[in-house]
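**Q** just to be clear, the model below is a prediction. Sequence and coordinates:
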Amino acid sequence: MTNMSIELDAVSKSFGAVEAIRNVSLNIGQGEMFGLIGHNGAGKSTLFKLMLGLLPASAGAVRVGGVATSSAQFRQVRRRIGYLPESFVSYDNLSGLEVLHLFADLKQVARAECGRVLRRVGLADAATRRLHTYSKGMRQRLGFAQVLLGDPTLIFLDEPTNGLDPEGIAAFYGILREAQGRGATIVITSHILAEIQDRVDRLVMLDAGKVAALGTLAELRSRQVLPSHIEVLMRPGCGAGVEAALAHLPGLTLKLDGDQAGIACAAAQKAPVLAALATMLVDVTIREPSLEDLFLGYGGHHASAD
Ligand SMILES: Nc1ncnc2c1ncn2[C@@H]1O[C@H](COP(=O)(O)OP(=O)(O)OP(=O)(O)O)[C@@H](O)[C@H]1O
């Protein structure tokens, strides 16, 4: 497969006085599943459009597959890109299959491929139904179907799981993993941080057009000292002894509710906490800092990117 890495080199983009993207440099490797998160107006869509060559950069360079998005040759690269915009708008009076035929023609892909792709996204039975009878989730699946036409080697998805039910979301990521398995590079934004945190290889957090953090989830976790949360259920009557049992461990936050306790502590304190409570324990749940916790820690303003 042709190399479809993405390189952004000191890229800025202004709209008049608004600096939507400020001096962003990052590389997305061939075959990577890469997440893009940030609050409203952080610059996610603008960055997408710069990478797709739909907007020219005000400064810096964007290269996809080694080709500058500003160059005439980029038209060739664009043929290998699948893109799902945030709102996939189509023609209500056409059937799903007819809509896909239009996209196949635009992409110069054989119409015969449309049936296979519709089956892949679970719309085979609704292929000949007009779009106005489709649910929100079905429209989203159709949008995803047009992305898959022509087996793109670079896939951009802006909030792709909007309107999908849990089964649909799982099926969607299954298809993405297949695409990744054949070497496709995937860039994805999501409002639902919990959904992407275990699925992307690396991610960037944008804040006011700048890179606030970049790396794997484990790297982002290691750069911030955020507490682990331990929820414990004690044997009946043992709740009263928790505080004394933990008194020798500094820096803990303890919340007691009868025989249940919530303890926030540094990662290194987890084992000593559990050892101290071992004889009283019935059940334990440990929650590590989530992407949402990290997002807030890195300056994100919302619990999600909405
Ligand atoms: N065509 C445009 N003209 C003027 N300003 C724009 C334009 N497009 C984006 N902006 C501004 O650039 C900034 C970044 O916008 P962008 O749409 O990239 O953010 P976003 O992270 O995608 O936000 P959201 O989560 O709301 O979709 C915002 O301040 C926005 O108002």
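**A** Perfect, thanks for sending it. Numbering: from 1, shown residues only.
**Q** could you tell me how far the residue located most distally from the centre of the chain is located from Lys210?
**A** The outermost residue of the chain relative to its centre, with distances by C-alpha atoms, centre = their mean, is Gly237 at 44.0 Å. Remark: distance between Gly237 and Lys210 (C-beta to C-beta, to the nearest Å) = 53 Å. No exception for glycine: its C-beta is placed from N, CA and C like everyone else's.
**Q** same question, Ala245
**A** Using C-beta to C-beta, one gets 45 Å for the distance from Ala245 to Lys210.
**Q** near the ligand, which residues of the protein are found?
**A** 15, 18, 20, 38, 40-46, 305 (C-beta under 6 Å from any ligand atom).
**Q** in the residues you listed, which residue is surrounded by the most others?
**A** Gly38 (27 neighbours; other C-beta atoms under 10 Å).
**Q** that residue contacts Lys210, correct?
**A** No: look at Gly38 against Lys210 with C-beta atoms under 8 Å: they stay out of range, at 9.7 Å.
**Q** what segments of the stretch 51-200 of the chain are helices?
**A** 74-78, 96-107, 113-120, 136-148, 166-181, 193-196 (DSSP state H, counting those that start in this stretch).
**Q** which stretches of the chain have low pLDDT?
**A** Along the chain, the parts satisfying pLDDT under 70 run over 1-2, 299-306.
**Q** walk me through the domains of it.
**A** Domain ranges of the chain: 6-222, 227-288, per automatic domain parsing.
**Q** show me how far the shortest one is from its chain's centre.
**A** From the chain centre to the centre of domain 227-288 is a distance of 33 Å (C-alpha atoms, centre = their mean, to the nearest Å).
**Q** what is the end-to-end distance of it?
**A** From its first residue to its last, domain 227-288 covers 8 Å (C-alpha to C-alpha, to the nearest Å).
**Q** number of nearby residues for Ala240?
**A** There are 11 residues near Ala240, going by other C-beta under 10 Å.
**Q** who does Gly262 bridge with?
**A** Counting by DSSP bridges, Gly262 is bridged to Glu231, Lys255.
**Q** contact partners for His101?
**A** Going by C-beta atoms under 8 Å, 6 or more residues apart in numbering, His101 touches 111, 114.
**Q** likewise Gly143?
**A** Contacts of Gly143 (C-beta under 8 Å, 6+ apart): 84-85, 88, 90, 160.
**Q** distance of it from Leu94?
**A** Gly143 is 14 Å from Leu94, by C-beta to C-beta.
**Q** for the closest residue to Ala68 other than its chain neighbours, what are its contacts?
**A** Excluding its sequence neighbours, the residue lying closest to Ala68 (C-beta to C-beta, 6 or more residues apart in numbering) is Ala61, at 6.0 Å. Applying C-beta under 8 Å, 6+ apart, we find Ala61 in contact with 7-11, 68, 70.
**Q** cool, and Gln76?
**A** Val67.
**Q** do the same with Ala124
**A** For Ala124, the contact set (C-beta under 8 Å, 6+ apart) comprises 115, 118.
**Q** burial count for Met138?
**A** Neighbour count of Met138, defined by other C-beta under 10 Å: 20.
**Q** that one contacts Asp125, correct?
**A** No: Met138 is beyond contact range of Asp125, at 10.4 Å (criterion: C-beta under 8 Å).
**Q** the residue of the stretch 51-200 of the chain found nearest the ligand: neighbour count?
**A** Of all residues in the stretch 51-200 of the chain, the one sitting closest to the ligand is Glu86 (6.5 Å; C-beta to the nearest ligand atom). For Glu86, the neighbour count with other C-beta under 10 Å is 13.
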